[in-house]
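> this is the structure alone, sequence omitted:
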C-alpha cells in the first residue's frame, strides 16, 4: 500500500476552496461527486506529490455527521493493488470495518477505522475479470 492523500471534512466547500487556493496557493486538480452523496475537490501545491482532498457531505447523506471540533480530518487514503485483499489484511491487523469494499467507476474503495477511530480509505483500480477460456466445439 502507498499513502496517497489526506481528506478533510469541510462545512463550507466554497469557503474552503477559496482559502486553500487564494491563501495557501494550492491549485484545484480534480472535482467530483460521490455516489453516496457529497462533493470532493482535490488540491495540490506546486512541486508536491501530495494532495489535499476537501470533502463536503450535505445533511442527510451517507457520510454526513454532526460537526464536532476535531472531526475535520476526514480520512487518510492508501492506494492498493488489491483493495479487497488489503481490506482483509488491515482488519486482521486491528482495523475496524467502516464501509465494506465496493466498486465505483473504475476503482474499488473501502473504509476502515484505525484503532483510534481515524478513517482510512483503501482505493485501487477495479480488478479486471479474467476472460474465460472458450472450449471450441467439435463437430
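Now that the structure is in, tell me what you want to look at. Bear in mind that the values here come from a model prediction, so they are computed numbers and not experimental data.

> any idea which element the residue nearest the centre of the chain lies in?
What sits nearest the mean C-alpha location of the chain, by C-alpha atoms, centre = their mean, is residue 121, with 4.8 Å. Using DSSP states H and E, residue 121 sits within strand 119-125.

> what's in contact with that strand?
1, 4, 7, 74-83, 86-87, 90, 95, 98, 101, 106-114 (C-beta atoms under 8 Å, 6 or more residues apart in numbering). Every C-beta, even on glycine, is put in place using the N, C-alpha and C of the backbone.

> next, the buried residues of that strand.
119, 120, 121, 122, 123, 124 (16 or more other C-beta atoms under 10 Å).

> how about stretch 26-37?
26, 34.

> before we move on, the earlier item: is it possible to export the buried residues of strand 119-125 to JSON lines including pLDDT and distance to residue 19?
Formatted as JSON lines, the buried residues of strand 119-125 follow (pLDDT from 0 to 100; distance: C-beta to C-beta, whole Å):
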{"residue": "119", "pLDDT": "88", "distance to residue 19": "22"}
{"residue": "120", "pLDDT": "89", "distance to residue 19": "25"}
{"residue": "121", "pLDDT": "92", "distance to residue 19": "23"}
{"residue": "122", "pLDDT": "93", "distance to residue 19": "29"}
{"residue": "123", "pLDDT": "94", "distance to residue 19": "26"}
{"residue": "124", "pLDDT": "95", "distance to residue 19": "31"}
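
> among these, which one sits closest to residue 59?
residue 119 (19.1 Å; C-beta to C-beta).

> one step back: now the residue nearest to the centre of the chain: how far from residue 114?
12 Å (C-beta to C-beta, to the nearest Å).

> list the buried residues of the worst-scoring helix or strand of the chain on mean pLDDT.
Between all helices and strands in the chain, the lowest mean by mean pLDDT, DSSP states H and E belongs to strand 73-79, at a mean of 86. For strand 73-79, burial by neighbour count (16+ other C-beta under 10 Å) applies to 74, 75, 77, 78, 79.
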